[in-house]
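A.B. asks: model this:
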Amino acid sequence: MTPRAQPGPVPIRIGYVIDTFDVGGTELNAIRTLEALDRNRFEVTVFHLHDVGPLRARYDALGVPMIHLPITGFRSLHTLRQALSFAMLLRRLRIQVVHCHDVYTNVFAAPWARVIGRCGVIASRRWFFEVPRPALNPLNRWSYKFAHRVLANSNSVAKLLETQEHVPISKIVQIPNFLGDNAFDSRPAEQRLKQRRNWGIPDGAFVVGVVARLAPVKNHAMLILAADAMHDDVHIVFIGDGPERLRLQSQVTTCGLEARVHFVGELVLTDNIHQYFDVSVLCSRSEGFPNSVIEAMAARRAVVATRVGGVVDVIAEGETGLLVESDDVPALVSSLCRLQSDRDLCSRLGIEGQRRVRNKFSRQIVVQQLQNLYEQLAMGNT
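C.D. replies: A predicted model of the protein is given here:
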């Protein structure tokens, strides 16, 4: 008689709470994490405040339960009803751990998950100073009181939580963003050349690229000013879209740079886009954790970035990239000219950057840290 197979361990039930399906650092890290979780160990239900966006298809492809909870502002009666509905769903679905990913879901979900849902609660701080509206800051600070852990995605953000938000150090856990294995893949040279041509870039140009939302905090204008001071064979590629697009295009026209600055728009590709550049740049005025920087490093590209927030936790000056002060256009011009004239330096920075990302920000290392945290909270070790 064949012995009956023994049932495996019951998966831990996770409530994954996100705001949008738009493309951004927080949003990309959330879907990458969900795609990487061990489905034998974790059963995930995704609660989302918005219902459409470019990343929605990746969630649908996973086949996980999706529950839309639209809200109309934190002071509305409708939002209160949605919050109560959310809390009741947590009880009915027997959710054990709720993971909030951003400022909106911290405020909306953390208090109800703790008080009524009786779950282990993870709030997140994935930004440095910038929030959509200043009024969210006190609400977000209040939400931390209901969390068992507050997840910081860089050492700089963890210090901010401790010193400025006064979150007890025992509550703070550092788990950085990460990249999937495909971020290290490289296309053949002919394909990279073809992509540049599709963007209108002439053969032989020195290509400086930015992958970031066209928003004021990303400070794309700094790079446009730098381009105006550089040789005509330097071309700039902006990947992304956002509210600053028209203003930036107007700046490009004023500077007479229409032939050298290319607005590609938002792309959702499986390829690491940075491989199509010679150098990647990030001019942010504030940054919790620079996804764009580690993506560029994974593509073995030299990086120039502003010395803000979590950028300094990723780039070692002169070893894995070059750092400049925010709005210091002459320093940016100098760094880019240095890389253009010294291809050996470009190569060394790229090689060391890729090694650092593999060792510290790879999927296997980072996701295991988060899975350990889920298990700890599910067991009541708070």
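
A.B. asks: Tell me if I am right that Val312 is in a strand.
C.D. replies: No - counting by DSSP: H, G, I helix; E, B strand; the rest coil, Val312 falls outside a strand, being helix.

A.B. asks: after the longest helix along the chain comes which helix or strand?
C.D. replies: In the chain, taking DSSP state H as the definition, the longest helix is helix 343-360. Sequence-wise, the next helix or strand downstream of helix 343-360 (DSSP states H and E) is helix 363-378.

A.B. asks: Where do the strands of the stretch 201-350 of the chain begin and end?
C.D. replies: 206-211, 234-239, 261-265, 279-282, 302-306, 322-324 (DSSP state E, counting those that start in this stretch).

A.B. asks: typed the wrong thing, it's the stretch 1-150 of the chain
C.D. replies: 12-18, 42-48, 66-68, 97-100, 120-125, 149-152.

A.B. asks: what's in contact with the fifth one?
C.D. replies: Applying CB atoms under 8 Å, 6 or more residues apart in numbering, the contact partners of strand 120-125 are 26, 96-102, 105-106, 110, 113-114, 143-144, 146-153, 157, 160-161, 165, 288, 373, 377-378, 380, 382. All C-beta atoms are positioned from the backbone trio N, CA, C, and that covers glycine.

A.B. asks: Domain map for the protein?
C.D. replies: 12-178+362-378, 182-360 (automatic domain parsing).

A.B. asks: Could you measure from Ala215 over to Val173?
C.D. replies: 28 Å (CB to CB, to the nearest Å).

A.B. asks: same check, this time on Ile365
C.D. replies: For Ile365 relative to Val173 (CB to CB), the value is 15 Å.

A.B. asks: Looking only at neighbour counts, state which of these two leads.
C.D. replies: Val173 (17 against 13; other CB atoms under 10 Å).

A.B. asks: and the more buried one, what element?
C.D. replies: strand 172-174.

A.B. asks: Specify the angle between the helix or strand just after that strand and strand 261-265 in degrees.
C.D. replies: Where DSSP H and E defines the elements, the next helix or strand beyond strand 172-174 is helix 189-198. Note on geometry: by axes from the mean of the first three to the mean of the last three CA atoms, to 10 degrees, helix 189-198 and strand 261-265 are set 100 degrees apart in direction.

A.B. asks: What residues does the residue nearest to Cys346 when sequence neighbours are not counted make contact with?
C.D. replies: In this structure, Cys346 finds its nearest non-sequential neighbour in Ala302, 4.3 Å apart by CB to CB, 6 or more residues apart in numbering. Ala302 is in contact with Asp278, Val279, Ser280, Gly321, Leu322, Leu339, Leu345, Cys346, Ser347, Leu349, Gly350, Gly353, counting by CB under 8 Å, 6+ apart.

A.B. asks: in the sheet, who's paired with Ala302?
C.D. replies: Ala302 has these beta-bridge partners by DSSP bridges: Val279.

A.B. asks: And it, how close does it get to Gly321?
C.D. replies: 7 Å.

A.B. asks: Find residues that contact each of those two.
C.D. replies: Common neighbours of Ala302 and Gly321 (CB under 8 Å, 6+ apart) are Leu349, Gly353.

A.B. asks: quick one on the thing from earlier: would JSON lines of the strands of the stretch 201-350 of the chain with distance to Ile31 and mean pLDDT be doable?
C.D. replies: Below are the strands of the stretch 201-350 of the chain laid out as JSON lines (distance: least, CB to CB, whole Å; pLDDT from 0 to 100):
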{"stretch": "strand 206-211", "distance to Ile31": "16", "mean pLDDT": "98"}
{"stretch": "strand 234-239", "distance to Ile31": "18", "mean pLDDT": "98"}
{"stretch": "strand 261-265", "distance to Ile31": "20", "mean pLDDT": "97"}
{"stretch": "strand 279-282", "distance to Ile31": "21", "mean pLDDT": "98"}
{"stretch": "strand 302-306", "distance to Ile31": "24", "mean pLDDT": "98"}
{"stretch": "strand 322-324", "distance to Ile31": "29", "mean pLDDT": "98"}
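
A.B. asks: okay if I get these as a markdown table plus distance to Val131?
C.D. replies: Shown next, in a markdown table, are the strands of the stretch 201-350 of the chain (distance: least, CB to CB, whole Å):
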| stretch | distance to Val131 |
| --- | --- |
| strand 206-211 | 22 |
| strand 234-239 | 24 |
| strand 261-265 | 26 |
| strand 279-282 | 20 |
| strand 302-306 | 19 |
| strand 322-324 | 25 |
